[in-house]
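A.B. asks: A structural model of the following input is requested.
(chains A, B and C)
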Amino acid sequence: MSFIQLTDVIKEYKTAHALRGVSMSVEKGEWVNIMGPSGSGKSTLLNIIGGLDSPNSGEVLIDSLDITRLGEDEMAVFRREKTGFIFQQSHLVPYLNAAENVMLAQYFHSMADSKEAAEALSRVGMGHRLTHKPSQLSGGEQQRVCIARALINNPGILLADEPTGNLDRENTKVILELLSKLHTEEHFTIILVTHDPFVARWGQRVLTMEDGAIIKDESPTAGG
Amino acid sequence: MIYEAFVVGFKEGFKVGLVWLVLYAYLNNNGKNHLIRPFYLGITSIAILSLLSISFPSACITKENLGNIIAASFAVLLISSGFALFHASGVRLFGSLSGIWINEKVIQVIIFIGTLLFFFSDSMGTLVFLQDLSLMKEALLGTFVSSASGLIAALVFFLVVFDRLRPLWIGSFFNVPQLLLFLAMVKLLGGGIKGFAELSLIPAVQRGFMKFAHDLIHQMFVLLMIPDHMLLRTTLWNFIGFFFGPKFSSIVSLLILLVLPMMFIRHSFFNPLPAPEAANPAYKRKIVALLMSDRRKKALPIIVFIILIVFAWFSQGGESVTQLYNPKPKPVIADKGIIMIPVKDPTMDLMDGRLHKFSLTEQGEEIRLIIIRKPDNTISVCLDACEICAPEGYGQQGDHVICIFCNTPIPVRTMGEPGGCNPIPLTAATDEQFVKIELDEILRKWQFVKTGKSKEGIK
Amino acid sequence: MKPAARIIRGLLNTLSSKVFLIWIVGGWITYYVLSAIWIEEAFAYFVLGIGKNILIQFMFVLFLLCGYLNLIRVSKDMLKKGITKLISWVLFSAGIMVFCTGFFVSLASRQSEWILAGEGHVVRPKWSSQELIVSHVDAGLKESFLDSGIEAGLGIFQYEPILTVSNAESGSYAIGAFPPARIGDTYYHILNFGIAPGLRFSEGENVLDEGYMPLRILPPGNSDFFEIQGYPYRFSVSLKAWRAFQQAGVSVNEYNMKNPNYNVKVFRGEKVLAEGDPNDGLHFEAYSLRFVEPTFWIQVEAVKDQGVMIIIAGVLFTALGFLSLLVRIAFFGSDYRRDKRQ
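C.D. replies: Alright, predicted model coming up:
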């Protein structure tokens, strides 16, 4: 059985169908990119996998656990311990420095540990900017802090929603190289949503969505 | 309905309910629900024994002894919680015998015997108190019915609370050491068997600890040759006199009592945590955080105890320590060398258990006598002075008289025994109407007070 | 290893273990608390027991041994963690152990004696060969004492009484109330103090008895009585104010302390024969009593005790250790925080 297994997932909003019976599976340690135009349902799909949103029907099995059946508290635990999120906007706390932003994630998971936070930031190449506030960091640096924050609790699944959407090509490349390096070294599963074909080339699989359904599932032609 | 009996019954029921609730929640939390059975068995045995003892009103155990047994069980529980704490923090106190606790049969026996010992003295004490009360109120049935309804009301209260709230989560606040400390605190805060007069053990514990603090300080003074004589109350005394004051010994005693709870707090917040072996740091951090939160949870009942003890200490005992009953002496005169004091007249009753003082003016000086009924219903007649201190006399506080000069508490039941700081006993003949004391006896002993043993020095 | 060596090694290991220390201290607390519940004077019994009871002495020595061995063991471990922690910790715990040792030595070996002395008397405790002659008693009393009834007697002294003693070989020494003076191997200090009026008991011109009579009539308000051997009289004595006046609505009695006035009642049986101040002579039946210039008597406690210095050292060590522990925690944080920071 696959690590992530979605079966007939339907999500309807009042006015529109966001997902029309999506089924997909992702293996452990796989890097899957989801592409598609705006409103095709890719972010909704990501949110459902990450437990931020719940489907109207269908099954979402993560590591054999059906998260659609979890209660409020269990869902919070699931999100805290199994998933790490990176968004287009960095969502860093503006008045905390880089290390403290990472420690905040530790705190909500278990307890803060400054040493471990510093190590994690070093791994994303931010070891020299531990005490800088987000406003003192460039967009690319902020996003690296976000990666450190997302990975600090060893989540198993990294969910990225347009992580490079606000970055120039140079910085995008740096971020993707970093993700790639970490993915190779630590073997976590990545699901990344993008509309940028350049970004989409980095994963092992590309799912293309349109109007709430997956229309294409292919391996990218070239990486790097 | 006899209100006092109801309250005493309610108190006992409340104790049973509270202990049951905590024990049940603890066992439930550890998946050992069935171990509550020996507790039920113990409580049932106590109920049967108590009912049996009602049919033998002349209980062979005195109230005094029952009080002592309760105090002793408090002490034993408190000390064993300390031992259990050491055990829990990794000191193998029982060496190769440590494994014995794992045996479930042993635990069942311990719970059963523990329940018996824990509640038996309390229930017997309550019964003795209720018998006294029923004699006083002249209503045997009313007293017992009132107290039984109090007991049942408390138990029903707990059943309702349990049924509605299912507060099984409180089990996570306890481990064996915390459980033992909890039981000790139940004894301390609810172990009094004197009805309204002493609902808790605090006054007795306070006296005991204060006596220890006082004796220790006194011994230090003796060892370091610091004079505590009134005549030398000069600059030095302004400083050391403070150590003899009731406030100082009350605070010291409170601190001694709090040493153990403080050790629990230290264990919960400052002891090094075991370093868990885990593959990744996040998981390790998770385990450490769980351990820490568990410890903090278990510190909560201790913090509650500390607050309760401090509150009870100052609200209940602190005041009475400084308030001594010191009646004005009634003048008496000698007739043909004999002083006769009526046991009962319209203005006083020597048998009322309170301190009575009399003054006698002989050869230009005032001699004071004290008379008090002892717990064994005999009358003790003493001089209002001891061999050691300046003769400032004694005041009464509960079942102790306290030397006003040096603040030493003397139990009323030891009055009449000579020596130390005890009031100097006088030989007296007591019948149903009068206490008769020979003037010569008084003068002889009074001279002893005024001159001391070492007077035959120079001339 | 030889069996004997192995047994000694095992014994030392047991004694130096934390478990044994916990048992012995916990056991003692249990024993003391339980005995204090049933025996009223538990502390006195314990103190007496340390002096006399061989079992209690044995247990106490065992405790001391165990304490010191534990101290050595823990110090060794702690040396690895750094010297500053070791010093403050060892000072504190060693202080407590030294104090307990002193307590034990003092109770087990102390000899003491109370000696009543006036000027010209010899002070010599029974264990000492050294004779000390009281050359001067400085009462330290005020010239006059104003007694307004508040805190009676507390203000009779100008300063604490001092006793001067001298010895032909070693010179003279001053003995006060506290701290005790150490002369040779013995400590001396004043335990009690009083006035001893010079009295002259005579029949007409013929003096029958003469001397100083130590009385406990200080502070003013106290009374004492004495008898003269061979005569059926009893004399009750108290100090008399030489004047009384009103001050701020309070009546104040003024006493002359250097050469006091007395109030003496002469009893024969129940009957008062005379009353007055014998400074002026008091006449009754065929006799007369006159008080002349008083001297002062002092009750001296002589103590021979090897434990006192140990106790003081223990208290000093403990206090220093406690302070340095506080300073350490205040300035460097607790171990817990330090470990966490690493």
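
A.B. asks: and the nearest residue to A:V32 once chain neighbours are set aside, how many neighbours?
C.D. replies: In this structure, A:V32 finds its nearest non-sequential neighbour in A:R205, 4.7 Å apart by Cβ to Cβ, 6 or more residues apart in numbering or on different chains. Any C-beta I mention is one placed from the backbone N, CA and C, and that applies to glycine too. Neighbourhood size, A:R205 [other Cβ atoms under 10 Å in any protein chain shown]: 18.

A.B. asks: pretty sure A:R205 contacts A:I34?
C.D. replies: No - counting by Cβ atoms under 8 Å, A:R205 does not reach A:I34; the two are 9.4 Å apart.

A.B. asks: Now the closest residue to chain C within the stretch 1-150 of chain B: phi and psi?
C.D. replies: Closest contact between the stretch 1-150 of chain B and chain C, by Cβ to the nearest Cβ, is at B:A75 (4.4 Å). The phi and psi values for B:A75, taken as degrees, to the nearest 10, are phi -60, psi -40.

A.B. asks: which residue is nearest the middle of the chain?
C.D. replies: This is for chain A. Computing the C-alpha centroid of chain A and ranking residues by Cα atoms, centre = their mean puts A:L159 first, at 1.4 Å.

A.B. asks: ok, it - contacts?
C.D. replies: Neighbouring residues of A:L159 by Cβ atoms under 8 Å, 6 or more residues apart in numbering or on different chains: A:46, A:49-50, A:83-86, A:191-192.

A.B. asks: Residues of chain A that sit close to chain B?
C.D. replies: Applying Cβ under 8 Å from any Cβ of the partner chain, we find that chain A lies next to chain B at A:81, A:106, A:109-111, A:113, A:116, A:152-154.

A.B. asks: among those, which are in helices?
C.D. replies: The helices, defined by DSSP state H, take in A:81, A:106, A:109, A:116 from the residues of chain A next to chain B.

A.B. asks: Distance-wise, check the third one relative to A:A118.
C.D. replies: This points to A:H109. Distance, A:H109 to A:A118, by Cβ to Cβ, to the nearest Å: 17 Å.

A.B. asks: swap in the second one?
C.D. replies: Taken as Cβ to Cβ, the spacing of A:Q106 relative to A:A118 amounts to 12 Å.

A.B. asks: With neighbour numbers in mind, choose between those two.
C.D. replies: Taking neighbours as other Cβ under 10 Å, A:Q106 and A:A118 compare with A:Q106 leading, 23 against 18.

A.B. asks: picking up where we left off before, now the residues of chain A next to chain B: which count as buried?
C.D. replies: Neighbour counting with 16 or more other Cβ atoms under 10 Å in any protein chain shown marks A:81, A:106, A:109-110, A:113, A:116, A:152-154 as buried within those.

A.B. asks: Contacts only, for the residue nearest to A:V32.
C.D. replies: Applying Cβ under 8 Å, 6+ apart, one finds that A:R205 lies in contact with A:30-33, A:217-220.

A.B. asks: can you do 10 Å?
C.D. replies: A:R205 is in contact with A:24, A:26-27, A:30-34, A:191, A:217-220, counting by Cβ atoms under 10 Å, 6 or more residues apart in numbering or on different chains.

A.B. asks: With C:E227 instead?
C.D. replies: Neighbour list for C:E227: B:447, C:233-235, C:267 [criterion: Cβ under 10 Å, 6+ apart].

A.B. asks: top of those by neighbour count?
C.D. replies: Using other Cβ under 10 Å as the neighbour test, the contacts of C:E227 are led by C:F235, with 26 neighbours.

A.B. asks: Looks to me like that one is in a helix.
C.D. replies: No - applying DSSP: H, G, I helix; E, B strand; the rest coil, one finds C:F235 to be strand, outside a helix.

A.B. asks: Residue of the stretch 201-350 of chain B closest to chain C, please.
C.D. replies: Taking Cβ to the nearest Cβ, the stretch 201-350 of chain B has B:D215 as its residue nearest chain C, at 3.8 Å.

A.B. asks: Can you check the pLDDT for residue 88?
C.D. replies: All of this is about chain A. The per-residue pLDDT reported for A:Q88 equals 87.

A.B. asks: Hmm, no, I was thinking of chain B.
C.D. replies: Predicted confidence (pLDDT) for B:A88: 84.

A.B. asks: Setting aside sequence neighbours, what's the nearest residue to the residue of the stretch 1-150 of chain B closest to chain C?
C.D. replies: C:V33 (4.4 Å).

A.B. asks: Is the one you found in contact with B:V76, as I believe?
C.D. replies: Yes - with contacts counted by Cβ atoms under 10 Å, C:V33 reaches B:V76, the gap being 8.5 Å.

A.B. asks: Just give the number of residues close to B:V160.
C.D. replies: Other residues near B:V160 come to 10 when the count uses other Cβ under 10 Å.

A.B. asks: Same check on the one 4 residues further on?
C.D. replies: By the other Cβ under 10 Å criterion, the neighbourhood of B:R164 contains 8 residues.

A.B. asks: What segments of the chain are helices?
C.D. replies: With no chain named, the answer covers chain A. Going by DSSP H, chain A shows helices at A:42-49, A:72-82, A:98-109, A:114-123, A:139-151, A:169-186, A:197-200.

A.B. asks: Let me rephrase: I mean chain B.
C.D. replies: Under DSSP H, chain B gives helices at B:3-29, B:37-54, B:63-88, B:104-137, B:140-165, B:176-190, B:202-224, B:235-244, B:246-269, B:281-312, B:318-322, B:439-451.

A.B. asks: for the second one, which positions count as buried?
C.D. replies: Of the residues in helix B:37-54, those scored as buried under the neighbour-count criterion (16+ other Cβ under 10 Å) are B:38-39, B:42-43, B:46, B:50, B:53.

A.B. asks: Same check on stretch A:133-146?
C.D. replies: Quick answer for stretch A:133-146 (16+ other Cβ under 10 Å): A:133-134, A:137, A:140-146.

A.B. asks: Likewise for stretch B:272-289?
C.D. replies: Applying a neighbour-count criterion of 16+ other Cβ under 10 Å, one finds B:281-282, B:284-289 buried in stretch B:272-289.

A.B. asks: Let me know whether A:H128 touches A:S122 as I believe.
C.D. replies: Yes - applying Cβ under 10 Å, one finds A:H128 in contact with A:S122, separated by 8.6 Å.

A.B. asks: near chain C, which residues of chain A show up?
C.D. replies: Residues of chain A lying close to chain C (Cβ under 10 Å from any Cβ of the partner chain) are A:113-115.

A.B. asks: Do you know the pLDDT at the residue in chain A positioned nearest to chain C?
C.D. replies: Nearest residue of chain A to chain C, counting by Cβ to the nearest Cβ: A:K115, 7.8 Å away. Per-residue pLDDT puts A:K115 at 90.

A.B. asks: tally of neighbours for it?
C.D. replies: 11.

A.B. asks: follow-up on the earlier one: put together a markdown table for the helices of chain A, with distance to B:T430 on each row.
C.D. replies: Shown next, in a markdown table, are those (distance: least, Cβ to Cβ, whole Å):
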| stretch | distance to B:T430 |
| --- | --- |
| helix A:42-49 | 94 |
| helix A:72-82 | 75 |
| helix A:98-109 | 76 |
| helix A:114-123 | 80 |
| helix A:139-151 | 88 |
| helix A:169-186 | 93 |
| helix A:197-200 | 107 |
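
A.B. asks: Go through these and name the closest to C:V19.
C.D. replies: For C:V19, the closest of the helices of chain A is helix A:114-123, at 34.9 Å, according to Cβ to Cβ.

A.B. asks: wait, C:G118 sits on C:F193?
C.D. replies: No - at 11.0 Å, C:G118 does not count as touching C:F193 under the criterion of Cβ under 10 Å.
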